[in-house]
Structures are given as structure tokens and as C-alpha cells.
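In: what would the 3D arrangement of this be:
(one chain, ligands or ions: 1)
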Amino acid sequence: MKESDIIRSLFGTVPPPEDDCYFLAPNRLVTTDSLSEGTHFLHKWSSPAVLAGKLVEVNVSDITASGGIPKECFLNLGLSPTSRKKEWVMAFSKALRSSLHQYGMKLAGGDTFSSPTTQLALTVVGTVKKPWLRSGGKPGDYLYITGDLGQSLLGYHCLKKNWKEGHYKAAIQRHLLPKSRQSLQKPLTKYPIHACMDVTDGLIQDAERLAIASKGKLKIQIESLPLHPLAKKVLGMDACLGSGEELELLFLSPKILPPEIQSIPVTMIGRLETGKPGVQFIREGKNYLPNNRGFLHFAEEE
Ligand SMILES: [Mg+2]
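Out: You can find the predicted model right below:
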């Protein structure tokens, strides 16, 4: 089954929530994310410290994308014969504590169990003053993206092909341990943000979700996209448009923002217009159809 059909069957007749977080109360939000051995990581590529860091970052990224600050978390740990070993547990725990400390978060509970493969799941609760929903975009809003796109997928290719040259190190690091944009949460509250999400399945699919939630047509200028130069050179442009787990913020604002906030590039890449909800890529003034859609959670979707 397709991921969207599975989710729909779980929710029945109620439409599934579309935001990165669920709002428990006006100022409290919650999210959860998992890392599963074989699906999201391999022990030969990811150390216990890298896994602890990534588990925290992907969840903090969802809290950030909803305009919140992470506070408490719950950890569910399925440990395999490999990850049950003392050295693994000690290294994971140390890195987890350090990563939580960095965000001022508290481990509030969880569950541990034995499993044939390593299964990591974290649930993060946070606070929010003014939530950023995906549905708040208005016609005329400018579309922005933080940082750049393509490195995460490049890192994955390098690992698969065993490319270890120095100039690939940053991409490998970005794939194994992406970083949330939590440091932008506070500075961005100075600007009107109508809608926001983080890039986890690639720009093509994620921008489409934002457009559908905000009920408008997102026109994206290919020439404006901040693609990572090495990723573009090695993988090509279309692959970069599908690069997932970038954890960059994709958002809509009616205002012209500075090109950099706290040394992080903030690039205007398009505009929301009235029209059939969806994304239209434009290159050299003409419609452009990328030849790949990006990360799919279940192979049957292809
Ligand atoms: Mg997300």
C-alpha cells in the first residue's frame, strides 16, 4: 500500500493532520519520529553517537517547523544484539544527553525492549507562542528556503559508492547527522510567517504539501534555488530537488526577508498564487517538469 493510503486507513473518515506537529493546547505541541535499522540507517555507517544526535535533530526540526521550542521528550528504544552491548548503550546515552542539553530538553520517560534490529523512536513535546501551520499561506506570499539543497542525497550516494575523498565529507556528515534550524526559530518570529514546514522528503513533494495545505499554486523559480554546487555537479539538478532529510525550513511570508539570518542563507525561491493547488516549477520562463519526485517511504509508490 502507498504511505498516503495507509495513513488514510488509520484515520478513517477523519482527515489526517497535515502539520509537522500536533497542537495539544494553544501553546503546547508534540511530534514523533523514528529511525529504524535497515530502513533509515545501517550500523556500519552510523555510530551510536550519530544516531542519538540524528534522532533528536529530526524531531527538533518538526518542532521548529511549527514555530516551537522543544522541551520534554520520550524515548522508545528497541535494542538488538548489536545495540544491547554496553559500549553501544554508553556511547548512545552520552550523545543523547549532550544533544538534549544543547536544546535545553529533558528526557521525561520512554520504553525499552528487545528487538531483532535496532529501533529508535523519540516523541518531543514543546512550547509555541504563535504556531506556524502549513495551511496559513496567502496568495502573494513569497516562498523561502533556508540553507541549501542536495547535500543529504549526495552524502547517501557517497556512502553507497564508498567515496571517502575529503570534499565529500561534509555531504556524508549532512546525510548521517542533519541539523535542525532551531537557531532560526526566534529570529524568524520577528517576521510574519504565514506557513512553514521542514524539508524531509525533498522539495518537490514537500512544496506540493505546502501548496495543497495553503490551497494555492506555488510557482518556484528553478534559477533561484540554492542547490549545493557539488551535489548539483555530481547528481544533477533534478536529483537535488528530491533530496530528503535536509531539515531546511520551507516557508511563506508576505514580507521581503534579508538574504541571511544569523549567517544562514534565506533564499526567496517563488511565490504563492491563486489557482489549482500544487507546484509549478519555472525555468527560463517556461514550465519545467523534474524527472524524479524524491524520497518515497514505501517502494510500491514508485
Ligand atoms: Mg516535518
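In: so residue 38 makes contact with residue 117?
Out: Yes. Under the criterion of C-beta atoms under 8 Å, residue 38 makes contact with residue 117 at 5.8 Å. In this view, the C-beta of every residue, glycine as well, is placed from N, C-alpha and C.
In: residue 159 should be in a helix, yeah?
Out: Yes. Counting by DSSP: H, G, I helix; E, B strand; the rest coil, residue 159 is part of a helix.
In: hang on, the earlier thing: neighbour-wise, which of residue 38 and residue 117 wins?
Out: When residue 38 and residue 117 are compared for neighbours, residue 117 comes out ahead with 15 against 10, by other C-beta atoms under 10 Å.
In: excluding sequence neighbours, find me the nearest residue to the more buried one.
Out: residue 37 (4.0 Å; C-beta to C-beta, 6 or more residues apart in numbering).
In: residues from the stretch 101-250 of the chain in reach of the ion?
Out: By the rule C-beta under 5 Å from the ion, the part of the stretch 101-250 of the chain lying against the ion is 198, 200.
In: pLDDT below threshold where in this structure?
Out: 293-302 (pLDDT under 70).
In: domain ranges for this structure?
Out: Per automatic domain parsing, the structural domains of the chain span 20-128, 142-301.
In: how far does the shortest one sit from its chain's centre?
Out: What it means is domain 20-128. 14 Å (C-alpha atoms, centre = their mean, to the nearest Å).
In: so how far does that domain reach from one end to the other?
Out: Start-to-end span of domain 20-128 (C-alpha to C-alpha, to the nearest Å) is 13 Å.
In: which residue, other than its chain neighbours, is closest to the residue of the stretch 201-302 of the chain found nearest the ion?
Out: Going by C-beta to the ion, the ion is nearest to residue 206 of the stretch 201-302 of the chain, at 8.0 Å. Once flanking residues are discounted, residue 206 sits nearest to residue 199: 5.1 Å by C-beta to C-beta, 6+ apart.
In: that neighbour touches residue 150, doesn't it?
Out: No. Counting by C-beta under 8 Å, residue 150 is not a contact partner of residue 199; they are 10.9 Å apart.
In: the two: which has the busier surroundings?
Out: residue 150 (30 against 26).
In: tell me who's in contact with that one.
Out: 227, 228, 231, 232, 235, 239, 240, 243 (C-beta atoms under 8 Å, 6 or more residues apart in numbering).
In: could you measure from the second one over to residue 168?
Out: In other words, residue 228. 12 Å (C-beta to C-beta, to the nearest Å).
In: more neighbours: the two, which one.
Out: The neighbour comparison of residue 228 against residue 168 (other C-beta under 10 Å) goes to residue 228, with 23 against 19.
In: to what extent is the residue of the chain found nearest the ion buried, counted in neighbours?
Out: Of all residues in the chain, the one sitting closest to the ion is residue 20 (3.9 Å; C-beta to the ion). The tally of other residues near residue 20 (other C-beta under 10 Å) stands at 24.
In: distance of residue 13 from residue 6?
Out: 16 Å.
In: if you count surrounding residues, which of these two has more?
Out: residue 6 (11 against 5).
In: isn't there a strand covering the more buried one?
Out: No. Going by three-state DSSP, the assignment for residue 6 is helix, not a strand.
In: give me the next element, helix or strand, following the lengthiest strand in the chain.
Out: Longest strand in the chain, counting residues (DSSP state E): strand 68-79. Next in sequence after strand 68-79, counting helices and strands by DSSP states H and E, comes helix 86-102.
In: contact partners for the residue nearest to residue 203 when sequence neighbours are not counted?
Out: Leaving out its chain neighbours, the residue that sits closest to residue 203 by C-beta to C-beta, 6+ apart is residue 241, at 5.1 Å. Residues counted as contacts of residue 241 (C-beta under 8 Å, 6+ apart) are 149, 202, 203, 204, 225, 281, 290, 292, 294.
In: wouldn't residue 232 be in contact with residue 240 here?
Out: Yes. Applying C-beta under 8 Å, one finds residue 232 in contact with residue 240, separated by 5.6 Å.
In: more crowded one of the two?
Out: residue 240 (28 against 18).
In: look up how far residue 68 lies from the nearest residue to the more buried one once chain neighbours are set aside.
Out: Spatial nearest neighbour of residue 240, excluding adjacent residues (C-beta to C-beta, 6+ apart): residue 150 at 3.4 Å. Counting by C-beta to C-beta, the gap from residue 150 to residue 68 is 27 Å.
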